[in-house]
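Asker: Fold the following, please.
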Amino acid sequence: MMKYAVYSLVLTLFFTLLPVGAQLADSSWPMIHGGTQHGGLSTIDTSHVDGTIKWIFKTSKRIEASPAIDENGVIYIGNHDNNFYAINPDGTEKWKINVGEPEYAKIGDPKGILSTPAISQDGTIYFSSLSDYFFALNPDGTEKWRFRLAITSDTWTSPLIDPDGTIYIGSAMSFKSGDLEYDPKGPKGKLFALNPDGTEKWSFSTNSNVATCPAIDKNGIIYLGNYVPMTDLGRLYAINPDGTEKWHFDTDQLIESSPTIGPDGIIYVGTLSGKVYAVNSDGTEKWHFQTGDGVSSIPAIGKDGTIYVGSWDAYFYAINPDGTEKWNYKTPDAFEAIIASAAIGEEGTIYIGAGSGIFYAFNPDGTIKWEYEAPTVDGFASSPAIGADGTIYVGSQSGRLFAFSGPSEYTGPGGGPDGTQNNVEPPTPNPADIPDGESVFIYIIVIIVILIAAVAAIALKGKIF
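Answerer: Residues are numbered from 1 along each chain as shown. Next comes the predicted model:
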């Protein structure tokens with residue numbers, strides 16, 4: 001019996017100490033809308049943030065994607081030039097790569113990277129682009145692998161990383177078996193489940209372009225908003241972990257809003273008719289709330305269950321858990337006035353940008369805590385991310401990434417164009433105090449060798465055999 005107990009201990013320790021693969025990074029904002037359920041509620045207190053500009057980083061083209069943040073505070077974001085950036089917490093560029101020309105430039109507006117990245121615990125960065133690939137990058141910006149997809153200027157699907165390491169990403173069209181040619185007679189639109197090494201685990205056909213990011217509940221059920229082929233109707237899918245359909249719920253119009261899952265398992269999703277639906281976990285409707293125009297904003301959920309969502313009608317809405325209106329705020333009119341999604345600080349401050357070029361911080365009662373109006377013609381389609389120190393990061397249509405913080409940071413008028421004007425010198429960590437990937441691997445090997453040697457020593461003394 002002791003022999004098997006020792007073997008069990010060694011195996012347990014071995015697998016416990018193995019490096020973590022593609023599980024979601026344990027950072028303040030590792031993926032779109034903060035996490036796998038898309039609630040948009042941070043665990044970071046942002047009460048000190050007063051709208052002071054910490055820094056501004058200028059990219060080469062418009063930004064519609066949203067930032068994600070790794071465990072070291074590095075911010076990742078892509079733009080319409082198909083450039084993908086890694087930006088240090090002090091606003092300086094860490095690295096930049098270009099992922100090719102959009103293949104859909106002849107069909108529509110080439111928007112490059114619309115995908116918000118997702119970051120795994122081992123530092124791998126995942127995102128898609130209009131170059132028709134899903135990319136996995138190493139933390140230093142080198143390519144790990146790529147997976148062939150079809151992405152259009154109306155397909156801004158972002159990746160989701162499952163707790164078991166599976167990576168989910170949507171595609172606009174499927175391909176003929178064995179080659180990369182589009183198949184006009186084949187099913188259009190799939191949700192792919194990929195292994196951490198980039199191989200396909202399974203795919204789920206929606207028969208229509210997948211434009212949104214899936215969410216996953218505590219039981220591993222995947223929820224995906226889409227539309228019904230050849231109609232103007234929307235469809236919310238519930239997909240089992242093995243890729244089979246559990247149920248679907250049809251809405252009155254197309255779904256461009258990624259679903260959000262509440263703490264009680266209720267799924268919230270918006271449609272282009274202006275409705276926000278609350279759907280029970282069995283696929284039945286709980287209620288719907290009507291706004292004045294389309295909703296492509298991802299619903300955010302506060303600590304008290306309040307649902308926050310923007311609409312193309314230029315209003316920002318707070319909705320009670322029972323589906324009644326709590327309050328609303330009218331922003332200046334603009335085309336598809338609010339398509340961004342809100343982020344919520346731990347203390348309850350709600351952050352969102354509008355197409356008019358104003359970025360807002362709301363108190364939970366709907367009053368404005370502070371606001372920032374861009375000095376040039378600008379607009380916010382990017383959704384904000386919250387850093388570990390409470391810094392709010394958001395991209396803009398002018399191609400700038402803003403970092404908002406408190407009064408102890410940069411206080412110059414409006415910030416500069418290149419992201420280097422931050423006058424707060426960040427502390428320089430001692431490299432010896434930071435274990436790199438190679439050091440961690442060597443440490444694991446040493447521990448395993450010691451354990452095996454201990455078992456062998458016991459065996460030689462006749463304690464086991």
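Asker: what's the pLDDT at residue 180?
Answerer: Per-residue pLDDT puts residue 180 at 47.
Asker: actually residue 26, sorry about that
Answerer: 94.
Asker: Same check on the one 4 residues further on?
Answerer: In this model, residue 30 is scored at 97, pLDDT.
Asker: again with residue 454
Answerer: Reported pLDDT at residue 454 in the predicted model: 53.
Asker: Could you tell me how many residues sit around residue 282?
Answerer: Close neighbours of residue 282, defined as other Cβ atoms under 10 Å, add up to 10. All C-beta spots, glycine's among them, are computed from the backbone N, C-alpha and C.
Asker: Where does it sit: helix, strand or coil?
Answerer: Classification of residue 282 using DSSP: H, G, I helix; E, B strand; the rest coil returns coil.
Asker: Regarding residue 289, which helix or strand does it belong to?
Answerer: Using DSSP states H and E, residue 289 maps to strand 285-290.
Asker: Check the offset of that strand from the chain's centre.
Answerer: Centroid displacement of strand 285-290 relative to its chain, using Cα atoms, centre = their mean, to the nearest Å, is 25 Å.
Asker: Can you show me the CA trace of it as PDB?
Answerer: What follows is strand 285-290, C-alpha atoms only, in PDB (Å, rounded to 0.1, in the frame of the first residue of the first chain):
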ATOM      1  CA  GLU A 285     -36.900  34.500 -21.800                       C
ATOM      2  CA  LYS A 286     -36.900  36.200 -18.400                       C
ATOM      3  CA  TRP A 287     -37.500  39.700 -19.700                       C
ATOM      4  CA  HIS A 288     -36.400  42.200 -22.300                       C
ATOM      5  CA  PHE A 289     -35.700  45.900 -22.100                       C
ATOM      6  CA  GLN A 290     -36.300  48.200 -25.100                       C
END
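Asker: counting contacts, what elements does whatever helix or strand comes next after that strand pack onto?
Answerer: The helix or strand immediately downstream of strand 285-290 is strand 300-301, counting by DSSP H and E. Where contact means 3 or more Cβ pairs under 8 Å, 6 or more residues apart in numbering; DSSP states H and E, strand 300-301 is packed against strand 307-310, strand 343-344.
Asker: can you list those strands in a markdown table and add mean pLDDT?
Answerer: Formatted as a markdown table, the helices and strands packed on strand 300-301 follow (pLDDT from 0 to 100):
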| stretch | mean pLDDT |
| --- | --- |
| strand 307-310 | 98 |
| strand 343-344 | 98 |
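Asker: re earlier: what residues does the strand holding residue 289 touch?
Answerer: Identification of contacts with strand 285-290 by Cβ atoms under 8 Å, 6 or more residues apart in numbering yields 249, 266, 274-280, 317, 319, 322-325.
Asker: And the buried ones among these, selectable in PyMOL?
Answerer: In PyMOL syntax, the buried subset of those is picked out as below (16 or more other Cβ atoms under 10 Å):
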select buried, resi 249+266+274+275+276+277+278+279+317+319
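Asker: which two in the contacts of strand 285-290 are spaced the farthest apart?
Answerer: Using Cβ to Cβ, the contacts of strand 285-290 span at most 22.8 Å, a distance reached by 249 and 325.
Asker: Give me the pLDDT for residue 59.
Answerer: For residue 59, pLDDT reads 95.
Asker: can you count the residues close to it?
Answerer: Neighbours of residue 59 under the rule other Cβ under 10 Å: 24.
Asker: And it, its phi and psi?
Answerer: With angles defined as degrees, to the nearest 10, residue 59 sits at phi -100, psi -180.
Asker: now the helices and strands packed on strand 300-301 as a markdown table including distance to residue 77 and mean neighbour count?
Answerer: Listed next are the helices and strands packed on strand 300-301 as a markdown table, based on distance: least, Cβ to Cβ, whole Å; neighbours: other Cβ atoms under 10 Å:
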| stretch | distance to residue 77 | mean neighbour count |
| --- | --- | --- |
| strand 307-310 | 20 | 28 |
| strand 343-344 | 15 | 27 |
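Asker: Of those strands, which is nearest residue 50?
Answerer: Of these, nearest to residue 50 by Cβ to Cβ is strand 343-344, at 16.3 Å.
Asker: And the helices in the stretch 1-150 of the chain?
Answerer: With helices called from DSSP state H, counting those that start in this stretch, the stretch 1-150 of the chain shows them at 2-17.
Asker: what about it, any weak spots by pLDDT?
Answerer: Where the stretch 1-150 of the chain drops to pLDDT under 70, the residues are 1-22, 102-110.
Asker: Could you rerun that using 90?
Answerer: Counting by pLDDT under 90, the stretch 1-150 of the chain shows low-confidence ranges at 1-23, 60, 81, 100-112, 114, 129-133, 148-150.
Asker: Strands of that one, start to end?
Answerer: Applying DSSP state E, counting those that start in this stretch to the stretch 1-150 of the chain gives strands spanning 52-58, 68-69, 75-78, 83-87, 93-98, 118-119, 125-129, 133-137, 143-148.
Asker: Can you check which of these gets nearest to residue 358?
Answerer: strand 52-58 (14.3 Å).
Asker: could you check the angle strand 93-98 makes with that closest one?
Answerer: Counting by axes from the mean of the first three to the mean of the last three Cα atoms, to 10 degrees, strand 52-58 lies at 40 degrees to strand 93-98.
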